[in-house]
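A.B. asks: Starting from these lines, generate the structure:
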Amino acid sequence: MGAARASDSGDKRIYVDRLTKAFAMFTRRKMLASMGTGLGAVGLASVLADESAAAPAADPLALKAPHFAPRAKRIIHLYMNGGPSQVDTFDHKPALATHKGQRPSITKDLKTENGTGGMMPSPFRFDRRGESGLPISELYQETGRFADDMCVINGMYTDIPNHEPSMFMMNSGHVQAVRPSYGSWLLYGLGTESQNLPGYVVLCPGLPVNGAANWSNRFLPGVYQGTHMNLPTNFNPKQVIPHLANKQLSNTSQRRQLDLIQQMNKQHASRRGGESLLEARIASLEMAFRMQTAAPEAFAWQSETETVKSEYYGTDGKMSDFGMNCLLARRMVERGVRVVQIYYGNSQPWDTHSNNDGALRQLCGKTDRPIAALLGDLKRTGLLDETIVLWGGEFGRTPASQGNNGRDHNHWGFSVWLAGGGIKGGMTYGATDEFGFRAVENRTHPHDLHATMLHLMGIDHERLTHRYAGRDFRLTDVSGNVIHDIIA
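C.D. replies: The predicted structure is shown next:
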């Protein structure tokens, strides 16, 4: 036990435990460098080339210079997961009423996930809002007050009429779970102004389809992944992150302890030539220490005045998950958080395959006031000028009926809108056909949307790359065009 068999010639025994200790003194690099006259290290260098090509600075979240002067510094993404109906919200199509129950020839070959019937008109009134006269559904009565700040892109389209791949496409520019989310790319390219809070925060009660894969860092260092917060409205701000506070040591003692550990960590890292994953782990320790005091204060939405809080309340006079998360988003960007995503709810609540009209009244009723409150809050504090607000889902809904009163997934054409952060307000860009089925004018792919968002943030989407698996990757893959017409 514990020893190798002695040789017949009486040589001294070689103990396995001593051999194990000897090998434990070698890192993989040292071992490979000492074997085969160092040829092993040559092979290892080629394997690690992708990892080290874009190794981050000592603090991977430190601010980095943009490629050019940005129009925006941060993003709030209001994600209506499940796919909201464009023809009931922001894409007015009167022709649906005149072709009710019919299937016009230009729509017959447009296949979606499920079978659909004839055209189903929207029962909701559209009004022209603001000085610009932007057509907005009665469902978004309060949000419509900000029509002159909004740019509605009615010519959106995506690749696949299924939730999972379309969610990935809208978040990461690819239909599979193989690429980093746009929030991770922004942290990688720009860092974050907030050194006391995560740079990329995801607020969602429960999880949307694909779960945490929607905000994954993938092959970028782990420090750039989104931080998911599933918070009830009655949460305790001091417990917003489990086990964050150290009850045994004072802040002074913790600081001394962490300084000692970080000194050893940095020595450890210096001997390994800039391992990005190791540096990210070291940075996360420092972040966790600072968050002990910063996070409870930042998430204490209850400290807002009653006047401010009441603006985010629903029509029932109560604070909902979505309303609270909109208020928290304002508090996050106020404190320098780079990207905040707000998913409306668990799974895919906007997936109205049945009872479309009734469901939309409820869904829009719960989001209208909080969205208007967020826009008003950002505008009042001056934050809207440097914050992009994006509203939309992974795709839209068919203008044709599914069953009695449902709408199927529609990847052929749908709507999103943007406001603030260098966006030209009071306008529509692109268009679907007369029925709202297919994008036909200024067709806009998620790659174009991402390219435009990066541009507004001061990044050339073709230059923000990361070398991995032998090639340079970017958020927009090998396509994407900046939509200059919507930039103020």
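
A.B. asks: any weak-confidence spans in the stretch 251-400 of the chain?
C.D. replies: Residue ranges of the stretch 251-400 of the chain with pLDDT under 70: 274, 276, 280.

A.B. asks: measure G376 to S303 for me?
C.D. replies: 19 Å (C-beta to C-beta, to the nearest Å). In short, each C-beta sits where N, CA and C put it, glycine included.

A.B. asks: Look at the two and report which has more neighbours.
C.D. replies: G376 (17 against 11; other C-beta atoms under 10 Å).

A.B. asks: Outline the domain layout of the protein.
C.D. replies: Structural domains assigned to the chain are 16-53, 74-235+299-486, following automatic domain parsing.

A.B. asks: For A62, which of the ones you listed is the nearest?
C.D. replies: Among those, the nearest to A62 by C-beta to C-beta is domain 74-235+299-486 (5.0 Å).

A.B. asks: Of all the domains of the chain, which one comes closest to S250?
C.D. replies: domain 74-235+299-486 (18.6 Å).

A.B. asks: Pick the most buried one from the domains of the chain.
C.D. replies: domain 74-235+299-486 (a mean of 21; mean count of other C-beta atoms under 10 Å).

A.B. asks: and the end-to-end length of that domain?
C.D. replies: Start and end residues of domain 74-235+299-486 are separated by 18 Å (C-alpha to C-alpha, to the nearest Å).

A.B. asks: show me where the stretch 351-488 of the chain has strands.
C.D. replies: Ranges of strands within the stretch 351-488 of the chain are 387-392, 396-402, 406-410, 414-419, 427-429, 431-432, 439-441, 466-468, 471-473, based on DSSP state E, counting those that start in this stretch.

A.B. asks: Make CSV from these and add distance to P237 to it.
C.D. replies: Shown next, in CSV, are the strands of the stretch 351-488 of the chain (distance: least, C-beta to C-beta, whole Å):
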stretch, distance to P237
strand 387-392, 23
strand 396-402, 37
strand 406-410, 38
strand 414-419, 28
strand 427-429, 40
strand 431-432, 44
strand 439-441, 43
strand 466-468, 35
strand 471-473, 38
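
A.B. asks: So which of the ones you listed is nearest L260?
C.D. replies: Of those, nearest to L260 by C-beta to C-beta is strand 466-468, at 33.1 Å.

A.B. asks: From the contact counts, what lies against that closest one?
C.D. replies: helix 39-53, strand 471-473 (3 or more C-beta pairs under 8 Å, 6 or more residues apart in numbering; DSSP states H and E).

A.B. asks: which stretch in these is the model least sure about?
C.D. replies: Of all these, helix 39-53 carries the lowest average pLDDT, namely a mean of 41.

A.B. asks: ok, then the element right after that one?
C.D. replies: Of the helices and strands lying after helix 39-53 in sequence (DSSP states H and E), the nearest is strand 74-79.

A.B. asks: Now do the same for that next one: mean pLDDT, whole number.
C.D. replies: Strand 74-79 comes out at a mean pLDDT of 98.

A.B. asks: what do you get for stretch 435-452?
C.D. replies: Mean pLDDT, computed over stretch 435-452, is 98.

A.B. asks: measure that stretch end to end?
C.D. replies: Stretch 435-452: ends 27 Å apart by C-alpha to C-alpha.

A.B. asks: And for stretch 301-311?
C.D. replies: 13 Å.

A.B. asks: Equivalent analysis for stretch 437-450, please.
C.D. replies: In stretch 437-450, first residue to last residue: 23 Å (C-alpha to C-alpha).

A.B. asks: Start the count at 575 instead of 1 going forward.
C.D. replies: I'll keep to 575 as the first residue from here, and by that count the last item is stretch 1011-1024.

A.B. asks: Identify all contacting residues around it.
C.D. replies: By C-beta atoms under 8 Å, 6 or more residues apart in numbering, the residues outside stretch 1011-1024 that reach it are 680-681, 684, 727-732, 743-744, 747, 756, 972-974, 984, 986-988, 990, 1003-1007, 1035, 1049-1051, 1053-1057, 1059.

A.B. asks: Go ahead and measure how far that stretch is from the middle of the chain.
C.D. replies: Stretch 1011-1024 sits 19 Å away from the centroid of its parent chain (C-alpha atoms, centre = their mean, to the nearest Å).

A.B. asks: and if you look at stretch 754-767?
C.D. replies: 10 Å.

A.B. asks: now it: mean pLDDT?
C.D. replies: So the average pLDDT for stretch 754-767 ends up being 97.

A.B. asks: Tally up the residues packed near S858, please.
C.D. replies: Neighbour count for S858, taken as other C-beta under 10 Å: 15.

A.B. asks: and if you look at the one 3 residues further on?
C.D. replies: Burial of M861, expressed as a neighbour count using other C-beta under 10 Å, amounts to 19.

A.B. asks: phi, psi of it?
C.D. replies: Dihedral pair for M861: phi -60, psi -40, per degrees, to the nearest 10.

A.B. asks: Export the domains of the chain to TSV and append columns for distance to F642.
C.D. replies: Output for the domains of the chain, formatted as TSV (distance: least, C-beta to C-beta, whole Å):
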stretch	distance to F642
domain 590-627	23
domain 648-809+873-1060	6
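
A.B. asks: among these, which is nearest D633?
C.D. replies: With C-beta to C-beta, the closest approach to D633 among the domains of the chain belongs to domain 648-809+873-1060: 8.0 Å.

A.B. asks: Please name the residues that touch the residue nearest to V963 when sequence neighbours are not counted.
C.D. replies: The shortest distance from V963 to any non-neighbouring residue, by C-beta to C-beta, 6 or more residues apart in numbering, is to A993 (4.6 Å). A993 is in contact with F720, D723, M724, C725, L949, L958, I962, V963, G999, counting by C-beta under 8 Å, 6+ apart.

A.B. asks: I'd guess P739 is in a strand, am I close?
C.D. replies: No. Assigned with DSSP: H, G, I helix; E, B strand; the rest coil, P739 falls outside any strand and is helix.

A.B. asks: Quick check: the residue nearest to it when sequence neighbours are not counted vs N736, distance?
C.D. replies: Nearest residue to P739 in three dimensions, chain neighbours excluded: V749, at 3.7 Å (C-beta to C-beta, 6+ apart). Plainly put, V749 is 9 Å away from N736 if you go by C-beta to C-beta.

A.B. asks: Just the element for L771, please.
C.D. replies: Using DSSP H and E, L771 falls outside every helix and strand.

A.B. asks: ok, it touching A869?
C.D. replies: Yes. Between L771 and A869 there is a contact under C-beta atoms under 8 Å: 6.6 Å.
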